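Peer 1: From the sequence below, what's the structure:
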Amino acid sequence: MRFNCGQFSIELPSGWMDTTEEPWPFTLSKPDGAGALQFSAAIYRSGQFPVPTTDELSGLLFEFAAAHDLGNPSDIFQQSGKITLASSSFRPDADSFIRAWYLSDGYSIAKITYTCHPSDVGSELDEAEFIVRSLQFPEVAPNNSFKPNPLRGSA
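Peer 2: You can find the predicted model right below:
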């Protein structure tokens, strides 16, 4: 089922539900699940397109990890395409597992984290990965005839 979150939309597998508690970011989890999937998005409105590369998204990911003392990354993954993404897993302590993703469509950027106990990492992480990869940002300025130049390649 496609779930529209306002800032973006995602495919929501059976059992996952909105469990956001104010003032926290948009959060999904399963009632009998092990972890939580949280989303933060910066939606492009106007100006120059950011067009982040996989290396720039990885830089944001590792800055986030350093700022939160998440430790050494593992399972590092990058992908370019319609949605560019960088992701990695972290085990900051014996009681925490975190998978973090930064995604962009060239305009908007999202940071998504999945957190659970390390002993609970399993099929729920696979479902979280499916949800993340299904993310779609809104169309860019559909009623705006102004088309800004990308930052890269501009003179």
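
Peer 1: measure the residue most central in space within the chain to A94 for me?
Peer 2: Geometric centre of the chain, nearest residue: I112, 3.1 Å, by C-alpha atoms, centre = their mean. Computed as C-beta to C-beta, to the nearest Å, the I112 to A94 distance reads 24 Å. For glycine as for every other residue, the C-beta is placed from the backbone atoms N, C-alpha and C.

Peer 1: Ignoring the adjacent residues along the chain, who's closest to the residue nearest to the centre of the chain?
Peer 2: Distances taken as C-beta to C-beta, 6 or more residues apart in numbering place W101 nearest to I112, at 4.6 Å, with adjacent residues excluded.

Peer 1: Helix or strand for that neighbour, just tell me which one.
Peer 2: Following DSSP states H and E, one finds W101 within strand 96-104.

Peer 1: Could you do A66 as well?
Peer 2: Using DSSP H and E, the element containing A66 is helix 54-67.

Peer 1: Show me what that helix is in contact with.
Peer 2: The contact list for helix 54-67 (C-beta atoms under 8 Å, 6 or more residues apart in numbering) reads 52, 70-71, 73, 76, 78-80, 84-88, 90, 100-104, 109, 111.

Peer 1: The residue nearest to the centre of the chain against S104, yeah?
Peer 2: No. Using C-beta atoms under 8 Å, I112 is not in contact with S104, being 11.8 Å away.
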